[in-house]
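A.B. asks: Structure here, sequence nowhere to be found:
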């Protein structure tokens, strides 16, 4: 579990995070949502230690990131996996090389054990056959899956995903969402997803934190989002005619079935 | 304004190099990457060095003949002057200025692209010292391989002059070869090698520094590459004067 308490971050005279407090639960897909410029990327970067907040606490199962020594942070990072918006795969390495990279750097496994673990992760994300391809030779969706395989190679306790669906078609987006959700439940990971993709919000949002103008405006799950009573959230989530219709449908029928994907 | 900006940049460079010059996380990975960089930065530069050297060696020999032909100056002086110009300046300073363009832009654009595509952030989040992981192998590989490039350059340049003697009638081969051996000072070779080590360090570290701190996209990567080449070229010229004063006087 990750807890953030009264997190404040300013850039020059602009306060981007205004005392945010939230909890990201273990074994759940925790979503940070909000408009562009709302502060969700700064929040995500603060969580992974790329930005140092001005004040507050970030507790990884009770361990405060902001008071850790550099050695303690280094150890904590071994428990963190991250999926970047652009995948951030190493261009000079194949898919297999990318997935093996954290194993080579941080484990004392034999070559055989590393290979077995890497191939297991590649199989888990349904990328068999692409092991020896370079990132430039595979599609955006496959790159995302390779990045997920790399992120889970070390069995992380915490998985951070920055806009995992950006640049993907709707079908591939659902596939990535489902994969993240499955992995989260399967391995009991604390997954934090930064997104403004409404399909993800309504499909896998088990714990949703809505950020607006640097403030935490609303917390809930996907079943409660239809009747949140928060105007800013309603304006954001149900901004399009399509999602307004979805809301009406849910009000009438209680729930909506997600399309299934061929994994 | 320019002074404060330069001091700030120098400070950032020193902090960057402190991160670079730390102990690698995994020696095995470091050695593997260093070998790979030797191939990419050093071995891949050999064709360029050979082509430039043979032509410049020939041009120096021809120009020496044109400029110092006099009944008062012995004919073998062409070989002697060609050798000394190659040993003292061309094989190290000029060669490194050329390599600053080729290798420097390669390093800055590679690291800059890794920065803008979040590959460096990915390394940092994994807990890898990205500056050390990416840059130290490049610096070590280039500094290690530079003397080999310098020696190849010296040899090929002198062959270029030899070809002029062989294929034209402006100087005889025997006088050219006699000139190459006349009044030879071994220190000139060491002087050139010492300078080249410093220049190789400047090229690899300065280009890496500019690539590492890129912010933005493709345009900024291009600018960083250009800035890296310009800064390393100026530093090479500055240290050329400094080292010449220190080592030859």
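C.D. replies: Right, received. Where do you want to start? Treat the numbers as computed from the prediction; the structure is a model and nothing was measured.

A.B. asks: Residues of chain A that sit close to chain B?
C.D. replies: A:48-50, A:73-75, A:77-78, A:80, A:82, A:84-86, A:88-91, A:101-102, A:104-106, A:160 (C-beta under 8 Å from any C-beta of the partner chain). No exception for glycine: its C-beta is placed from N, CA and C like everyone else's.

A.B. asks: Give the buried subset of those as a ChimeraX selection command.
C.D. replies: Listed next is the ChimeraX selection for buried residues among these, using 16 or more other C-beta atoms under 10 Å in any protein chain shown:
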select /A:48,49,74,77,78,80,82,84,85,86,88,89,90,101,102,104,105,106,160
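
A.B. asks: Just the ones of the residues of chain A next to chain B in strands?
C.D. replies: Counted as lying in strands by DSSP state E, out of the residues of chain A next to chain B, are A:80, A:82, A:160.

A.B. asks: Before we move on, what's the pLDDT of the nearest residue to the last one once chain neighbours are set aside?
C.D. replies: Read it as residue A:160. Nearest residue to residue A:160, sequence neighbours excluded (C-beta to C-beta, 6 or more residues apart in numbering or on different chains): residue A:82, at 4.6 Å. For residue A:82, the model assigns a pLDDT of 89.

A.B. asks: same check, this time on residue B:74
C.D. replies: pLDDT, read off for residue B:74, is 87.

A.B. asks: Now do the SS call for it.
C.D. replies: Classification of residue B:74 using DSSP: H, G, I helix; E, B strand; the rest coil returns coil.

A.B. asks: Quick check: the gap between it and chain A.
C.D. replies: Residue B:74 sits 55 Å away from chain A when distances are taken as C-beta to the nearest C-beta, to the nearest Å.

A.B. asks: Now do the same for residue A:204: its pLDDT.
C.D. replies: 86.

A.B. asks: which residues touch residue 30?
C.D. replies: Answering for chain A, as no chain was given. A:24, A:190-193, A:206-209 (C-beta atoms under 8 Å, 6 or more residues apart in numbering or on different chains).

A.B. asks: wait, I meant chain B there
C.D. replies: By C-beta under 8 Å, 6+ apart, the residues touching residue B:30 are B:24, B:136-137.

A.B. asks: Quick check: which element contains it?
C.D. replies: Following DSSP states H and E, one finds residue B:30 within helix B:27-37.

A.B. asks: Indicate the residue of the stretch 51-200 of chain A located nearest to chain B.
C.D. replies: residue A:77 (3.4 Å; C-beta to the nearest C-beta).

A.B. asks: Which elements pack onto the helix ranked longest in chain A?
C.D. replies: Longest helix in chain A, counting residues (DSSP state H): helix A:170-187. Judged by 3 or more C-beta pairs under 8 Å, 6 or more residues apart in numbering or on different chains; DSSP states H and E, helix A:170-187 is in contact with strand A:29-33, helix A:140-152, strand A:158-162, strand A:190-195, helix A:198-204.

A.B. asks: Helix or strand: which one has the most centrally placed residue in chain B?
C.D. replies: For chain B, residue B:96 is the residue whose C-alpha lies nearest the centre (C-alpha atoms, centre = their mean; 2.7 Å). With secondary structure defined by DSSP H and E, residue B:96 is part of helix B:95-99.

A.B. asks: Would you mind identifying the next helix or strand past that helix?
C.D. replies: helix B:105-116.

A.B. asks: so that next one versus helix B:27-37, what angle?
C.D. replies: Counting by axes from the mean of the first three to the mean of the last three C-alpha atoms, to 10 degrees, helix B:105-116 lies at 130 degrees to helix B:27-37.

A.B. asks: Below-threshold pLDDT in the chain: ranges please.
C.D. replies: All of this refers to chain A. A:255-263 (pLDDT under 70).

A.B. asks: please go with chain B instead
C.D. replies: Ranges of chain B meeting pLDDT under 70: none found.

A.B. asks: most distant residue from the middle of it?
C.D. replies: Ranking residues of chain B by C-alpha distance from their mean position (C-alpha atoms, centre = their mean) puts residue B:71 at the top, at 38.4 Å.

A.B. asks: Does it fall in a helix, a strand, or a coil region?
C.D. replies: The assignment at residue B:71 comes out as coil when based on three-state DSSP.

A.B. asks: and the gap between the closest residue in space to residue B:84 that isn't next to it in sequence and chain A?
C.D. replies: Spatial nearest neighbour of residue B:84, chain neighbours left out: residue B:188 (6.7 Å); criterion: C-beta to C-beta, 6+ apart. Residue B:188 is 40 Å from chain A, where distance means C-beta to the nearest C-beta.

A.B. asks: Show the contacting residues for residue B:188.
C.D. replies: Applying C-beta under 8 Å, 6+ apart, the residues near residue B:188 are B:84, B:87-88.

A.B. asks: quick one: which of these is most hemmed in?
C.D. replies: Counting neighbours by other C-beta atoms under 10 Å in any protein chain shown, residue B:87 leads the contacts of residue B:188 with 23 neighbours.

A.B. asks: Wait, that one touches residue B:192, no?
C.D. replies: Yes: using C-beta atoms under 8 Å, residue B:87 is in contact with residue B:192, at 5.4 Å.

A.B. asks: Where does chain B get nearest to chain A, residue-wise?
C.D. replies: For chain B, C-beta to the nearest C-beta, closest residue to chain A: residue B:127, 3.4 Å.

A.B. asks: Start from the N-terminal end of chain B and give the helices.
C.D. replies: Under DSSP H, chain B gives helices at B:2-20, B:27-37, B:46-68, B:77-85, B:95-99, B:105-116, B:119-126, B:130-167, B:173-181, B:186-212, B:218-248.

A.B. asks: Of all the ones you listed, which one comes closest to residue A:220?
C.D. replies: Set against residue A:220 and scored by C-beta to C-beta, these come closest in helix B:119-126, at 28.6 Å.

A.B. asks: Can you give me the buried ones in the closest one?
C.D. replies: B:119-126.

A.B. asks: picking that back up, ok, now how distant is the residue nearest to residue B:84 from residue A:215?
C.D. replies: Residue B:188 sits 70 Å away from residue A:215, taking C-beta to C-beta, to the nearest Å as the criterion.

A.B. asks: circling back to that earlier point, could you dump the helices and strands packed on helix A:170-187 to CSV with distance to residue B:230?
C.D. replies: Formatted as CSV, the helices and strands packed on helix A:170-187 follow (distance: least, C-beta to C-beta, whole Å):
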stretch, distance to residue B:230
strand A:29-33, 42
helix A:140-152, 35
strand A:158-162, 34
strand A:190-195, 38
helix A:198-204, 46
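
A.B. asks: List the contacts of the nearest residue to residue B:235 once chain neighbours are set aside.
C.D. replies: In space, not counting the residues next to it along the chain, residue B:235 is nearest to residue B:202; the distance is 4.9 Å by C-beta to C-beta, 6+ apart. When contacts are counted by C-beta under 8 Å, 6+ apart, residue B:202 touches B:232, B:235-236, B:239.

A.B. asks: Quick one: buried ones out of these?
C.D. replies: Buried among those by 16+ other C-beta under 10 Å: B:232, B:235-236, B:239.

A.B. asks: Max pairwise distance over these: which two?
C.D. replies: Using C-beta to C-beta, the buried ones among the contacts of residue B:202 reach their maximum pairwise distance at B:232 and B:239, which is 10.3 Å.

A.B. asks: Backbone dihedrals for the closest residue to the residue of the stretch 51-200 of chain A closest to chain B other than its chain neighbours, please?
C.D. replies: Leaving aside its chain neighbours, residue A:77 sits nearest to residue B:127 (3.4 Å; criterion: C-beta to C-beta, 6+ apart). When quoted as degrees, to the nearest 10, the phi and psi of residue B:127 stand at phi 100, psi 10.
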